[in-house]
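> Predicted model and sequence follow; I will ask about them next.
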Amino acid sequence: MKLFLGILLGSLVLGVSSQSWLTFLREAGQGTRDMMRAYSDMREANYKNSDKYFHARGNYDAAKRGPGGAWAAEKISNARENLQRVTDFFKYGDSSHGVEDSKADQAANEWGRSGKDPNHFRPPGLPDKY
């Protein structure tokens, strides 16, 4: 736990070097909400092959907030994929189950964070609401 907290605070300090702490933290909070909204929409839509679109959209929306949002999106995305590896280990007996899907998710995450259009991953027929 101490190691995790140290890494989190260290990356926060590195991310804040170019702006005020309050601005960075506000952006990070807004970015976190963007990520939660994308996740909530993905669960609500329950639409086949839409996973990558919602990954890209959440990261895209969060990164538009600024460096704090991009930082939050990266940390949340990485934590989500790493947690999935751990649960796969207990569920399937190895952590390599779903590695290709995890790599594709991370590619969609990076696509969105880089400012590219998340609609690249939008599946045909997904309701306009999303």
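Okay, I see it. The structure displayed is predicted, hence computed values, not measured ones.
> now the residue positioned nearest the centre of the chain: how far from P124?
Central residue of the chain (CA atoms, centre = their mean): S77, 3.2 Å from the mean position. Counting by CB to CB, to the nearest Å, the separation of S77 from P124 is 25 Å. Where C-beta positions appear, they are placed from N, C-alpha and C, glycine not excepted.
> Could you do D101 as well?
To P124, D101 is 20 Å away according to CB to CB.
> Between those two, tell me which one has more neighbours.
D101 (13 against 5; other CB atoms under 10 Å).
> So which bits of the helix or strand harbouring that one are buried?
Take DSSP states H and E as the rule and D101 turns out to sit in helix 99-113. Within helix 99-113, the residues scored as buried using 16 or more other CB atoms under 10 Å are S102, D105, A108, N109, E110, W111, G112, R113.
> Run through the helices of this protein in chain order.
Shown for the chain, the helices assigned by DSSP state H span residues 2-15, 21-45, 51-63, 67-92, 99-113.
> which one is G98 nearest to, not counting chain neighbours?
Leaving aside its chain neighbours, G98 sits nearest to D88 (5.8 Å; criterion: CB to CB, 6 or more residues apart in numbering).
> Wait, the one you found touches N82, no?
No: between D88 and N82 there is no contact under CB atoms under 8 Å: 10.6 Å.
> Who has more neighbours out of those two?
Per other CB under 10 Å, whichever of D88 and N82 has more neighbours is D88, with 17 against 12.
> how close does that one sit to S77?
17 Å.
> before we move on, back to that, could you export the helices of the chain to TSV, including columns for distance to N119?
Formatted as TSV, these follow (distance: least, CB to CB, whole Å):
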stretch	distance to N119
helix 2-15	28
helix 21-45	13
helix 51-63	8
helix 67-92	18
helix 99-113	11
